[in-house]
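In: My questions are about this predicted structure, shown below with the sequence.
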Amino acid sequence: MKTAMLYYFMLYVTWPSTPDVFTLCHAGQPEDMKIQLSSLERKSIRGHSISLRDITGVSSLPSTCNMLLLGGGQTHLEEAWLEKARDQSVLTISENDSRWRNEVMIRLRSDNGQVGFEVKLKALSGSPLVFNSKLLRLAAGTY
């Protein structure tokens with residue numbers, strides 16, 4: 001379900017310029033989630049392919065990232081990745097409540113087996129990314 005949500009985030013967010021390849025960078029994901037994420041590489045967004053990048057170090061966040069998915073467990077690096085993403089047009093997503101900072105635009109959540117997401121509007125201010133109103137209506141909350 002999370003993989004499908006990530007795909008729809010790519011559909012319902014507009015970047016300032018359309019990339020040749022949509023790159024989803026991810027960190028702290030368990031192996032089963034990495035396998036699920038790999039299914040995205042068989043899809044496309046508006047005729048453009050999707051690429052995955054597993055990042056591990058501060059310098060490993062490439063300038064080609066369009067989305068950054070933080071899975072937790074790497075607190076000492078997450079702040080640096082978010083700082084670096086702030087200077088780029090990167091959609092930031094976290095699965096961890098404690099990482100729900102101003103820089104994280106979308107927080108994935110799971111309540112009683114139900115998967116949903118929240119949008120942090122404050123993180124969007126000043127960002128060149130545009131969220132489609134459909135995405136905002138589907139959010140469990142906007143803050």
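Out: Cool, the structure landed.
In: Pretty sure residue 130 sits against residue 13.
Out: Yes. If you go by C-beta atoms under 8 Å, residue 130 and residue 13 touch, sitting 7.0 Å apart. For glycine as for every other residue, the C-beta is placed from the backbone atoms N, C-alpha and C.
In: Which of the two has more residues huddled nearby?
Out: Counted by other C-beta atoms under 10 Å, residue 130 and residue 13 do not tie: residue 13 has more neighbours, with 20 against 13.
In: contacting residues around that one?
Out: Residues near residue 13 by C-beta atoms under 8 Å, 6 or more residues apart in numbering: 91, 129, 130, 131, 132, 135.
In: Among these, which pair sits farthest apart?
Out: For the contacts of residue 13, the maximum inter-member distance is 12.3 Å, found between 91 and 132 (C-beta to C-beta).
In: Can you pick out the residue with more neighbours from these two?
Out: Between residue 91 and residue 132, counted using other C-beta under 10 Å, the more crowded position is residue 91 (24 against 14).
In: if I look at the more buried one, how far off is residue 117?
Out: When distance is defined by C-beta to C-beta, to the nearest Å, residue 91 is 12 Å away from residue 117.
In: and for these two, which residues touch both?
Out: In contact with both residue 91 and residue 117: residue 106, using C-beta under 8 Å, 6+ apart.
In: most centrally placed residue in this protein?
Out: By C-alpha atoms, centre = their mean, the chain has its centre lying nearest to residue 93, at 3.7 Å.
In: Packing partners of the helix or strand of the chain with the lowest mean pLDDT?
Out: Ranked by mean pLDDT, DSSP states H and E, the helix or strand of the chain with the weakest confidence is helix 75-86, at a mean of 75. With contacts taken as 3 or more C-beta pairs under 8 Å, 6 or more residues apart in numbering; DSSP states H and E, helix 75-86 sits against strand 21-27, strand 67-70.
In: who does the next helix-or-strand element following that helix touch, helix- and strand-wise?
Out: Sequence-wise, the next helix or strand downstream of helix 75-86 (DSSP states H and E) is strand 91-94. Helices and strands touching strand 91-94, by 3+ C-beta pairs under 8 Å, 6+ apart, are helix 2-12, strand 67-70, strand 106-111.
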